[in-house]
Each structure stands twice: as C-alpha cells, then as structure tokens.
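K.L.:
From the sequence below, what's the structure:
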Amino acid sequence: MAWACVPCLVLGLLVLTAGIVLKEQPLFWRNIGGYPVWLRDLVRIFFWPWLGICVAGLGSWSAWILGATAQRGRGFAAATWAAAGFWTTFGCLMVYMTWNNLGNVIDGREWHYHAPGALERTL
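P.N.:
Got it, this is the predicted structure:
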C-alpha cells in the first residue's frame, strides 16, 4: 500500500522542482521575463505551503514505508533506497534554492540580489 504513494511523491517533487526553478530565475519576477502574472502569483502564494506539504508527506511516507517493511522483514533494502533517493532529491533542490542566496549574504549583498546584467532578456 505504501508503494502506491510513490507516484504522488514524484508528482509533488516535480511541482516543487518547477516552483524552485521559476522562483530562482531573476526574469521570472519581472515583466520583461515573459511569464504571466497569474503564474508569478501562484508561485508567490503557494510555494512555501507546498514545500511544507512535500516535507510532511515525504517524512510520513518514509516513516510508514520503513516501519512497514522492517516489521515484515522483507523489502527493507528497497524501501531504504527509495526513501534515500527521495530525500537526496529533496536535499539537492534545497541546495539549489539557497546556494546563490547564501553566496549573496556571504559577499555582503542582499539575500535575493541579482547582478543588473542578469535582469536583461537576451534574444
């Protein structure tokens, strides 16, 4: 039964990935980027709640699948690899999301600073 949740987790991480990639693009937040306003509003309003839902869902699923397979005594290795794969993917997304922002803070700039050249659309 716990394995039936895997497609939902994959879909949740894909939506989270799209949100993170869009969120970290400097042109996404400007009118010259070509993105619709409704999409910017969707990312701005629902990103952090969706991140919390993904963390809660991934944590619950990991505890459920590891507990169920440990109790049965079979499939524990596959469940461990699956949980580790999901958490590794989630960790990579978090590193991508914070990497340039931490670099900005270390260099004494604002958290979401982007160089002026990054805010121009290239054709």
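K.L.:
Would you mark the buried spots in the helix or strand bottoming out on mean pLDDT in the chain?
P.N.:
Scoring the helices and strands of the chain by mean pLDDT, DSSP states H and E places helix 76-106 at the bottom, with a mean of 89. Of all the residues in helix 76-106, those buried under the rule 16 or more other C-beta atoms under 10 Å are 79, 82-83, 86, 89-90, 93, 97. (Glycine included, C-beta is placed from N, CA and C.)
K.L.:
For the residue lying closest to residue 25 once chain neighbours are set aside, give its distance to residue 21.
P.N.:
When the adjacent residues along the chain are set aside, residue 25 lies closest to residue 33, with 7.2 Å between them (C-beta to C-beta, 6 or more residues apart in numbering). Counting by C-beta to C-beta, to the nearest Å, the gap from residue 33 to residue 21 is 13 Å.
K.L.:
just residue 102 next, same as before
P.N.:
Where residue 21 is concerned, residue 102 sits at a distance of 18 Å (C-beta to C-beta).
K.L.:
how near is residue 20 to residue 106?
P.N.:
Residue 20 is 21 Å from residue 106, where distance means C-beta to C-beta.
K.L.:
try residue 66
P.N.:
Using C-beta to C-beta, residue 66 is found at 37 Å from residue 106.
K.L.:
got it, and residue 39?
P.N.:
Per C-beta to C-beta, residue 39 is found 31 Å from residue 106.
K.L.:
Show me the helices in this structure, by range?
P.N.:
Assigned by DSSP state H, the helices in the chain fall at 6-23, 37-72, 76-106.
K.L.:
now those helices in a markdown table, with distance to residue 113?
P.N.:
Formatted as a markdown table, these follow (distance: least, C-beta to C-beta, whole Å):
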| stretch | distance to residue 113 |
| --- | --- |
| helix 6-23 | 15 |
| helix 37-72 | 18 |
| helix 76-106 | 5 |
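K.L.:
That'll do, ta.
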